[in-house]
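Student: I'd like to go over a predicted model; first the sequence, then the structure.
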Amino acid sequence: MKPVLDAERFDLVLVDCPPSLGILTLNAFAAADGLLIPLQCEYYALEGISMANRILGQLRDNGVNPRLELTGVVMTMYDGRTKLSQQVVSEVREHFGGPGV
C-alpha cells in the first residue's frame with residue numbers, strides 16, 4: 001500500500017473485503033485510512049458492525065494503524081415501510097454518527 005500512497009496518483013482507493021473479520025479483512029484494516037461499511041438493515045448486522053468497530057479501536061490502540069477511522073456506514077436493503085429498517089438506522093446513527101451514516 002505504501003507505493004500507492006507515495007505516488008499520490010489516486011485520491012481514493014477502495015478495497016472490497018469479504019463480510020468476515022478474517023485475515024484478508026484485517027490486512028485491509030491495517031492498510032486503510034478509513035472504513036466505509038455496508039450494513040444490511042437487520043438486527044444481527046448491528047452485532048457485526050459493533051465487532052468491526054471494536055477491532056478498529058484495537059488496531060488503533062495497539063499501534064498497528066493509528067490513523068484508521070470509521071468513515072461511514074452505508075445502509076443496504078433499507079425499506080422505510082418496516083419498523084426494523086427504521087430501528088436499525090436509528091441505532092446506527094445513535095452509536096456511530098449523524099446524517100453521514
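Tutor: Looks like it arrived, so ask away.
Student: so what's the backbone phi/psi at residue 69?
Tutor: Main-chain torsions, residue 69, degrees, to the nearest 10: phi -140, psi 160.
Student: do residue 37 as well
Tutor: According to degrees, to the nearest 10, residue 37 has phi -100, psi 120.
Student: Can you check what pLDDT the model gives it?
Tutor: pLDDT, residue 37: 91.
Student: I figured it hits residue 70, correct?
Tutor: Yes. Between residue 37 and residue 70 there is a contact at 7.2 Å, judged by Cβ atoms under 8 Å. (Each C-beta comes from the backbone N, C-alpha and C, glycine too.)
Student: For this structure, just list every one of the strands.
Tutor: Using DSSP state E, the strands of the chain run over 34-40, 69-76.
Student: Would you tell me which one of these is buried the most?
Tutor: Of all the strands of the chain, strand 34-40 has the most neighbours on average by mean count of other Cβ atoms under 10 Å, namely a mean of 17.
Student: what packs against that one?
Tutor: Here strand 34-40 touches helix 43-61, strand 69-76, going by 3 or more Cβ pairs under 8 Å, 6 or more residues apart in numbering; DSSP states H and E.
Student: Next, the angle strand 34-40 makes with the first one.
Tutor: Which is helix 43-61. Counting by axes from the mean of the first three to the mean of the last three Cα atoms, to 10 degrees, helix 43-61 points 170 degrees away from the direction of strand 34-40.
Student: Now helix 43-61: buried residues?
Tutor: Neighbour counts over helix 43-61 (16 or more other Cβ atoms under 10 Å) mark 45-46, 49, 52-53, 55-56, 59 as buried.
Student: ok, so of those, who is nearest residue 87?
Tutor: residue 46 (9.5 Å; Cβ to Cβ).
Student: Correct me if wrong: the closest one contacts residue 89.
Tutor: No. Judged on Cβ under 8 Å, residue 46 makes no contact with residue 89 at a distance of 10.6 Å.
Student: Just give the nearest non-adjacent residue to the most centrally placed residue in the chain, would you?
Tutor: Nearest to the mean C-alpha position of the chain, by Cα atoms, centre = their mean, lies residue 37 at 3.3 Å. The shortest distance from residue 37 to any residue other than its chain neighbours is 5.1 Å, reached at residue 73 (Cβ to Cβ, 6 or more residues apart in numbering).
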